[in-house]
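A.B. asks: Build me a structure from this.
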Amino acid sequence: MILAAAAAGRGFSVRVGCLLGFFFAAAVAQAAENVSFAGRDITLSAILYRPAGSRPFPAVVALHGCAGLYTPDRKLAARYIDWAERLAAHGFVVLFPDSFGSRGARSQCKTDDRVAGSSRERVDDAFAAKAYLQSRLDVEADLISLVGWSNGGSTVLYAVQKGREAKDGRPDFAKAIAFYPGCRTPIERSKWHARIGLMILIGALDDWTPAEPCEALAAQANAAGEPVSLVVYQGAYHDFDHPNLPVRTHSGLVYTANGTGRAHTGTNPAARQDALKRVPDFLKR
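C.D. replies: Just a heads-up that it's a prediction; the model follows:
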C-alpha cells in the first residue's frame, strides 16, 4: 500500500507536540545506558534506553544515519534522544548500536570508502544488536523491531531482504521502519523482496535519498504480495522528523539524488507529527 501524507504547517499541533515531548521524556524511568556486545568482527558499543519496570518489553534496534550516532562535540544526536525517549515512553526498550564509533570513525557522509557499509557490516551490526537484546531478561525475544534513518534506513532494507535472515535460530525481527532510505540500488538490482512487514517514510522533496526509487520499490513489493507500505510527505526534505532542525543545504556529500553532492535537510512540523504517531502505532499493531 502506498500512502501520501500532506505536510501543511499546523502551529497548534507543533505546540501540542512540544508538550507531549515533555511528558514522554518524563515517563522514561532510566537515563541512557552505555552497553557493549559482540559483533561479527568487533565489539560494538551502544546506547540503551528502557521503560520503567522490570517485565519483559518489546524492543527496537535503532540504526543511525551516515553522520553517526553523536554530534561533533560527542553528544548523542538530538533526533535519537527524541525518538528513544518517545519509544521508551511507549513501552519499548531501544538500542542504538554505534556502527561508526565502534570502528574508530565519525561522520561518513562525505566519504565513499565507509568503515561500515549499509549492505554488509551494518546488517551484521543489526543482527548482533538483536541477538544482544534477545539475551536480556527484560526483552521479549520475539518482539524486536528494526528502525533506521537514512544510511541506517538503507541498512533496514538490506536486513529485511529475503535470504538475509540470521542463521542463529533466534526469532527474526518482528517489523521494520526505514526513514528516508536509499532505495535506488535495491530497485535497480530488481531482486529485492521483503520477508517481514516494512514501512518506509520519506519526503517528496528529498534530494539526498529521493522518494521515486522508494515508490518503485514499494510498488514492486506490493505486486509480489509483500507487506511494504510507503508514506510520502509532501513538502518535506531529508531529516523531516528531527525535533528542531532549520532547513539548510549541505555540500560535499558523496551520494545525492542528482550527483552534485548538494542536498537539503530540515524539520517539517506536519510530517514529524504524523511520524510521531504513525511509528509507535505501526510497531504496536
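A.B. asks: Would you tell me what the next helix or strand after the lowest-mean-pLDDT helix or strand in the chain is?
C.D. replies: Lowest by mean pLDDT, DSSP states H and E among the helices and strands of the chain is helix 11-27, with a mean of 40. For helix 11-27, the following helix or strand on the C-terminal side (DSSP states H and E) is strand 33-38.
A.B. asks: quick one: strands adjacent to the following helix or strand past that following strand?
C.D. replies: Where DSSP H and E defines the elements, the next helix or strand beyond strand 33-38 is strand 43-49. If you go by DSSP bridges, strand 43-49 pairs up with strand 33-38 (antiparallel), strand 93-97 (antiparallel).
A.B. asks: now the helix or strand just after strand 43-49: how far from the chain's centre is it?
C.D. replies: Downstream of strand 43-49, the first helix or strand assigned by DSSP H and E is strand 57-63. A distance of 10 Å separates the centroid of the chain from that of strand 57-63, by Cα atoms, centre = their mean, to the nearest Å.
A.B. asks: same deal with stretch 176-190?
C.D. replies: Offset of stretch 176-190 from its chain centre (Cα atoms, centre = their mean): 13 Å.
A.B. asks: Kindly report the same for stretch 163-175.
C.D. replies: Here the centre of stretch 163-175 is set off from its chain's centre by 18 Å, with Cα atoms, centre = their mean.
A.B. asks: how about the helix or strand L133 falls within as CSV, C-alpha atoms only?
C.D. replies: Using DSSP H and E, L133 sits in helix 121-134. Provided in CSV are the C-alpha atoms of helix 121-134 (Å, rounded to 0.1, in the frame of the first residue of the first chain):
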residue,chain,number,x,y,z
GLU,A,121,28.8,-4.6,8.1
ARG,A,122,25.8,-2.6,9.3
VAL,A,123,23.5,-5.5,8.5
ASP,A,124,25.7,-7.7,10.7
ASP,A,125,25.6,-5.0,13.4
ALA,A,126,21.8,-5.0,13.3
PHE,A,127,21.6,-8.8,13.8
ALA,A,128,24.2,-8.6,16.6
ALA,A,129,22.1,-6.0,18.3
LYS,A,130,19.0,-8.2,18.0
ALA,A,131,20.9,-11.1,19.5
TYR,A,132,22.1,-9.0,22.4
LEU,A,133,18.6,-7.8,23.1
GLN,A,134,17.3,-11.4,22.9
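A.B. asks: how far off strand 93-97 does that helix point, in degrees?
C.D. replies: 150 degrees (axes from the mean of the first three to the mean of the last three Cα atoms, to 10 degrees).
A.B. asks: Wait, a strand at T155?
C.D. replies: No - the assignment for T155, made by DSSP: H, G, I helix; E, B strand; the rest coil, is helix rather than a strand.
A.B. asks: distance of it from I47?
C.D. replies: Taking Cβ to Cβ, to the nearest Å as the measure, T155 falls 17 Å from I47. Every residue, glycine included, has its C-beta placed from N, CA and C.
A.B. asks: the more surrounded of the two?
C.D. replies: Using other Cβ atoms under 10 Å, the more surrounded residue of T155 and I47 is T155, with 31 against 21.
A.B. asks: list the contacts for the more buried one?
C.D. replies: L63, S118, S119, R122, V123, D125, A126, G148 (Cβ atoms under 8 Å, 6 or more residues apart in numbering).
A.B. asks: Give the helix, strand or coil label for the residue nearest the centre of the chain.
C.D. replies: Geometric centre of the chain, nearest residue: G148, 1.7 Å, by Cα atoms, centre = their mean. Look at G148: counting by three-state DSSP, its state is strand.
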